[in-house]
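Peer 1: here are the coordinates; sequence isn't available:
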């Protein structure tokens, strides 16, 4: 009786949450008695205690499912021939401590015997390590696996946790990417107008245009195909995006793009589907926004009825109430005393509808004025400093071809223009170039007095040399005071920063071909035209300069060889082996022999 009373008093003092927790523990102990058994080798604990102590929920929410996973693992191991090792520490190579009939027994074991053991305690620890992560990652776990009771094995639990962690990391990366994208868009844009009805933003970078133009078909906001923002802005066009607060997200009028031309004047407008809009269509979009199209109130329906712009069913009282509320909100006059009858209400309504039309026209005019003012104060196009920076980098790498820049404020054009130029001094090349010297080339014309025909041939030779290095000049012009000096306009263009960068790459390639390729092509062209060549007498005797050099060297080589042979003959005569020869010619051994070998 006392035991029953103590038990009743215990449960009577527990809260509902505590009762739930204790009930879950008792259910698990009854369902899995082998796991709940207290063991000396576990310091008086059970493997189930490992799961109970690891509970992250505060009410043993995961105990039943975790115990099932542990029990399945133990049973599966037993079915596969493994022996249970009921201890906390893995045995060393010499002994295994087990419990037999309540007594602790230490027995020797060979190292290989541990291969057949499995530790329920270790499995329980592995499951326990996953439970806090499983609990924390609930929002990222697949819905079918959020209930741990639906998971059968440790490997499935581990996989569910790992996949959830990857999902969480992916979501965090996407979140960070969006935050960076948003920050970049803010840096690359300016807010022109912001009120309760609309926001107007001017993007100044392609990234900002893509960010704020999401969901539209504007080519200046495209991310899946060619984006034309930089191209159009380089031509002086400015873009202003209008976001209406009270129009549905799926409406083509939710976002509008207003365009200002290079002169700072209004150009055109586009809806989200990239349709060009007339002015009255923009005004109608403004009216839809004024009358809360997104909320689907009766105000817009009443306006259509009063304006006679579209057919409409007879108005409901709710439509009238919504219309009057919006009219007053917009500050448009409304006299309730004159609207007590149907005709009186319609008279007041028609006046209000006309006033709404006027206000929408005014808002549109204000939008255009704000856009034009900003475009004139901050002309479209990349910063000139960006072009100059690319030009400076090119100058550091080039030696022969120069590139000049001209900006819209210099030319009046709507975009930046550029031109590559070179200066050619044929006389200087003939005087100082090493290739000319190696070939022993000289003028075959009088440089001091050339004919018109020779001047034209000089120009043709320069043009041929340019084509030799894949340069196709726009113009080659001789200096008016010196027929041997030429000003070359190689190429020209205009556009955006990327196009200028590409132009510089091509020009740098031509510049690097200049020193060797251009001079080689020029010499070849001048020789073909008979303007230069070697000395005529020299060429008559020695048609090939290389052969002449070879022949000049021959006498020196022959003399050197004959001299070497004479020394060898003299050494032989003086040697003991040459004694017979000395006697034959009547020479004494102590006489100095002088020989002169005549060259043939």
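Peer 2: Arrived safely, thanks for sending. This structure is a prediction, so every number in the text was calculated from the model and none was measured.
Peer 1: so residue 284 is in which element?
Peer 2: Counting by DSSP states H and E, the element that carries residue 284 is helix 279-290.
Peer 1: who does that helix touch, helix- and strand-wise?
Peer 2: When contacts are defined as 3 or more Cβ pairs under 8 Å, 6 or more residues apart in numbering; DSSP states H and E, helix 279-290 sits against strand 238-244, strand 266-270, helix 298-307, helix 342-377. For the C-beta atoms, the positions are set from N, CA and C on the backbone; glycine is no exception.
Peer 1: Now do the buried residues in that helix.
Peer 2: Residues 282, 283, 284, 285, 286, 287, 288, 289, 290 are the ones in helix 279-290 that count as buried (16 or more other Cβ atoms under 10 Å).
Peer 1: Now do the contacts for the residue nearest to the spatial centre of the chain.
Peer 2: The structure's the chain has its C-alpha centroid closest to residue 207; by Cα atoms, centre = their mean the separation is 10.8 Å. Going by Cβ atoms under 8 Å, 6 or more residues apart in numbering, residue 207 touches 181, 184, 185, 188.
Peer 1: Show me just the buried residues among these.
Peer 2: Here, 16+ other Cβ under 10 Å leaves 185, 188 buried among these.
Peer 1: which of the contacts of residue 207 sit farthest apart?
Peer 2: Spatial extent of these (Cβ to Cβ) is set by the pair 181 and 188 at 10.5 Å.
Peer 1: Any idea how far whichever strand in the chain runs longest is from the middle of the chain?
Peer 2: Identified as the longest strand of the chain according to DSSP state E is strand 482-495. Its chain's average C-alpha position is 37 Å from that of strand 482-495, according to Cα atoms, centre = their mean, to the nearest Å.
Peer 1: Contacts for the next helix-or-strand element following that strand, please.
Peer 2: Using DSSP H and E, the helix or strand that follows strand 482-495 in sequence is helix 497-513. Under the criterion Cβ under 8 Å, 6+ apart, residues 230, 234, 382, 386-387, 390-391, 393-394, 397-401, 403, 416, 418, 420, 469-471, 490-491, 493 lie in contact with helix 497-513.
Peer 1: which secondary structure elements does the helix or strand just after helix 497-513 contact?
Peer 2: As assigned by DSSP H and E, the chain's next helix or strand after helix 497-513 is helix 519-528. Helix 519-528 sits against helix 426-432, helix 434-438, helix 452-468, strand 532-533, with contacts defined as 3+ Cβ pairs under 8 Å, 6+ apart.
Peer 1: right, so of the ones you listed, which gets closest to residue 143?
Peer 2: Among those, helix 452-468 sits nearest to residue 143 (Cβ to Cβ), with 70.5 Å.
Peer 1: Not counting its own residues, what contacts that closest one?
Peer 2: Here helix 452-468 has contacts from 424, 426, 445, 450, 472-473, 476, 478, 483-484, 486, 488, 490, 517-522, 524-526, 529, 531, using Cβ under 8 Å, 6+ apart.
Peer 1: Buried ones in that helix, by neighbour count?
Peer 2: Buried-residue list, helix 452-468, by 16+ other Cβ under 10 Å: 454, 457, 458, 459, 461, 462, 463, 464, 465, 466, 468.
Peer 1: Likewise for stretch 48-61?
Peer 2: Those would be 48, 49, 50, 51, 52, 54, 55, 60, 61, for stretch 48-61 by 16+ other Cβ under 10 Å.
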